[in-house]
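1. after the sequence you'll find the predicted model.
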Amino acid sequence: MRVDVLTIFPDYFAPLSLSLIGKARTTGLLDVGVHDLREWTHDVHRTVDDTPYGGGPGMVMRPEPWGAAFDTLLPVPPEDLDVAPVLIVPTPAGERFSQALAADLAAEQRLIFACGRYEGIDQRVLEDAATRMRVREVSLGDYVLFGGEVAVLVMLEAVVRLLPGVIGNADSLTEESHANGLLEAPLYTKPAVWRGREVPEVLRSGDHGKIAKWRRAQSLLRTAAQRPDMLASAAPETLDKHDVAT
Ligand SMILES: COC(=O)COc1cccc(COC(=O)c2cn[nH]c2)c1
């Protein structure tokens, strides 16, 4: 997968060379280009923002540098949008990011991330981009950040860890929260007793059928407690009270 990031703070992306993302890059699973948007400015102050038409607080990101940057990243417009890169723009005004969206993006050949700053990007940038990319305005949640950089790090990590070969044991991906529409069951490791707290007996029974049922039951209980909204869409489950016994 090829990923390009456009930002006025390229240093935010130094962490990309660390840990799993760093490994994905060295093993060739992932190719990342981080670009300073100011490279596409021509004035002595390398200006990327200006005052908003119609008034209002703060500044808006000028369209010209973005247009010139996309011209460089996409010198040849794709023959059709189906094979065009996906442009992801983190914004409080976007569709909600999710594990499902991360999985969709992990199947793409090329992603381009546009990091907004100030009050946002001139809307014509997205309109122009939509002629040559599949544009997705994406929100991480109902809050406002200073800019898109942190959101890109979050989305990139969620996407890259789904790429085949990035995580050693692919089973981890099927057992985790949100992979099956439920929250993950509680986890335990040695010692069997810690500060007087014992690991649930069933997990040390070696009875894998019983363990699977206990974990499923715990998942349902935890989801009901923390995220009842998720339960509404999960498959209905018959629960036997013995399955919950620890
Ligand atoms: C068209 O898109 C834009 O103009 C984006 O502009 C901005 C402006 C300020 C901050 C951000 C970063 O995104 C968030 O704050 C965000 C994402 N998820 N939840 C909060 C983006």
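-> Received it, and whenever you're ready, just let me know what you need.
2. please enumerate the helices of this protein.
-> 19-26, 63-73, 99-106, 123-129, 149-160, 171-175, 208-226, 228-233, 241-244 (DSSP state H).
3. neighbours of residue 42, how many?
-> 9 (other Cβ atoms under 10 Å). Where C-beta positions appear, they are placed from N, C-alpha and C, glycine not excepted.
4. quick one: it from the ligand, how far?
-> 22 Å (Cβ to the nearest ligand atom, to the nearest Å).
5. what separates stretch 87-95 from the chain centre, distance-wise?
-> Its chain's C-alpha centre and that of stretch 87-95 lie 11 Å apart, by Cα atoms, centre = their mean, to the nearest Å.
6. one step back: would you list the helices of the chain in CSV and tack on mean pLDDT, mean neighbour count and distance to the ligand?
-> Compiled in CSV, the helices of the chain are given as follows (pLDDT from 0 to 100; neighbours: other Cβ atoms under 10 Å; distance: least, Cβ to the nearest ligand atom, whole Å):
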stretch, mean pLDDT, mean neighbour count, distance to the ligand
helix 19-26, 72, 16, 20
helix 63-73, 98, 18, 10
helix 99-106, 97, 16, 12
helix 123-129, 98, 16, 6
helix 149-160, 95, 20, 4
helix 171-175, 74, 11, 24
helix 208-226, 97, 16, 21
helix 228-233, 87, 10, 19
helix 241-244, 60, 12, 37
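7. give the buried residues for the longest strand along the chain.
-> Taking DSSP state E as the criterion, the chain has its longest strand at strand 86-96. Within strand 86-96, the residues that count as buried by 16 or more other Cβ atoms under 10 Å are 86-91.
8. can that strand be found next to the ligand?
-> Yes - interface with the ligand: strand 86-96 contributes 89-92 (Cβ under 6 Å from any ligand atom).
9. elements contacting that strand?
-> If you count contacts as 3 or more Cβ pairs under 8 Å, 6 or more residues apart in numbering; DSSP states H and E, strand 86-96 packs onto helix 99-106, strand 110-114, strand 134-139, helix 149-160.
10. residue contacts, the nearest residue to residue 118 once chain neighbours are set aside?
-> Nearest in space to residue 118, with sequence neighbours left out and distances taken as Cβ to Cβ, 6 or more residues apart in numbering, is residue 59 at 4.3 Å. Applying Cβ atoms under 8 Å, 6 or more residues apart in numbering, we find residue 59 in contact with 49-52, 118-119.
11. now, of these, which are buried?
-> Among the contacts of residue 59, the ones that count as buried (16+ other Cβ under 10 Å) are 49, 118.
12. so of the contacts of residue 59, which ones are in strands?
-> Per DSSP E, those map to strands at 49-50.
13. just the contacts of residue 59 that are near the ligand?
-> When contact is defined as Cβ under 6 Å from any ligand atom, the contacts of residue 59 do not meet the ligand at all.
14. would you list the contacts of residue 59 in TSV and tack on distance to residue 193 and pLDDT?
-> Shown next, in TSV, are these (distance: Cβ to Cβ, whole Å; pLDDT from 0 to 100):
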residue	distance to residue 193	pLDDT
49	59	98
50	64	98
51	65	98
52	62	98
118	55	97
119	55	98
